[in-house]
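Trainee: need a 3D model of the following:
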Amino acid sequence: QLQLVESGGGLVQAGGSLRLSCAPSGAIFANYHMGWFRQAPGREREFVAATRWSGGSTYYADSVKGRFTIYIDNARNTIYLQMNSLKPEDTAVYYCAAGAIAKVTTPTSYNYWGQGTQVTVSS
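Mentor: Presented below is the predicted three-dimensional model:
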């Protein structure tokens with residue numbers, strides 16, 4: 001059973017940066033996609049970024065392109081989401097997800113989820 005544990009959330013002022021981490025434990029396969037999603041109060045969970053565990057292509061929501069970067073440090077067995085130029089509208093609970101899927105932007109395509117970490121951006 002694969003478990004995902006996120007960390008790195010917090011409170012930051014607009015324009016600031018945060019880096020989220022996701023540490024998987026258990027079996028993870030090279031063909032898995034690793035994704036970051038977020039959910040704000042009263043809103044549906046939305047796609048943020050994704051990449052393949054083995055490396056290669058990255059995918060971003062239009063709202064975060066140029067500001068967020070997803071990358072994997074295989075030596076540390078950790079997935080990161082570097083978030084720069086944060087805006088108040090980035091405030092949400094951020095979730096790490098994993099799965100062998102085709103539609104990287106669709107939450108239901110992922111099999112495994114972390115517990116989430118809160119990111120709050122003040123104006």
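
Trainee: which residues touch the closest residue to Ser123 other than its chain neighbours?
Mentor: Using C-beta to C-beta, 6 or more residues apart in numbering and skipping the chain neighbours, the partner closest in space to Ser123 is Pro88 (4.7 Å). C-beta: built from backbone N, CA, C; applies to glycine. Remark: with contacts taken as C-beta atoms under 8 Å, 6 or more residues apart in numbering, Pro88 is in contact with 14, 121-123.

Trainee: now swap in Ser85 and tell me
Mentor: Counting by C-beta under 8 Å, 6+ apart, Ser85 has contacts 15, 17, 67.

Trainee: please redo it, this time with the cut-off set to 7 Å
Mentor: Residues in contact with Ser85, defined by C-beta atoms under 7 Å, 6 or more residues apart in numbering, are 15, 67.

Trainee: now swap in Val93 and tell me
Mentor: 38-39, 116-118.

Trainee: can you tell me the element it falls in?
Mentor: strand 92-99 (DSSP states H and E).

Trainee: one more: Glu6?
Mentor: strand 3-7.

Trainee: now do that strand: distance to the chain's middle.
Mentor: From the chain centre to the centre of strand 3-7 is a distance of 10 Å (C-alpha atoms, centre = their mean, to the nearest Å).

Trainee: quick revisit: the strand holding Val93 pairs with which strands, and in what direction?
Mentor: Each strand paired with strand 92-99, and its direction, by DSSP bridges: strand 33-39 (antiparallel), strand 112-113 (antiparallel), strand 117-122 (antiparallel).

Trainee: would you mind writing the ChimeraX command to select the buried ones in the contacts of Val93?
Mentor: Remark: buried members of those, expressed as a ChimeraX selection using 16 or more other C-beta atoms under 10 Å:
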select :38,116,117
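
Trainee: mind putting the contacts of Val93 in JSON lines, distance to Trp53 included?
Mentor: Shown next, in JSON lines, are those (distance: C-beta to C-beta, whole Å):
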{"residue": "Arg38", "distance to Trp53": "20"}
{"residue": "Gln39", "distance to Trp53": "23"}
{"residue": "Gly116", "distance to Trp53": "20"}
{"residue": "Thr117", "distance to Trp53": "20"}
{"residue": "Gln118", "distance to Trp53": "25"}
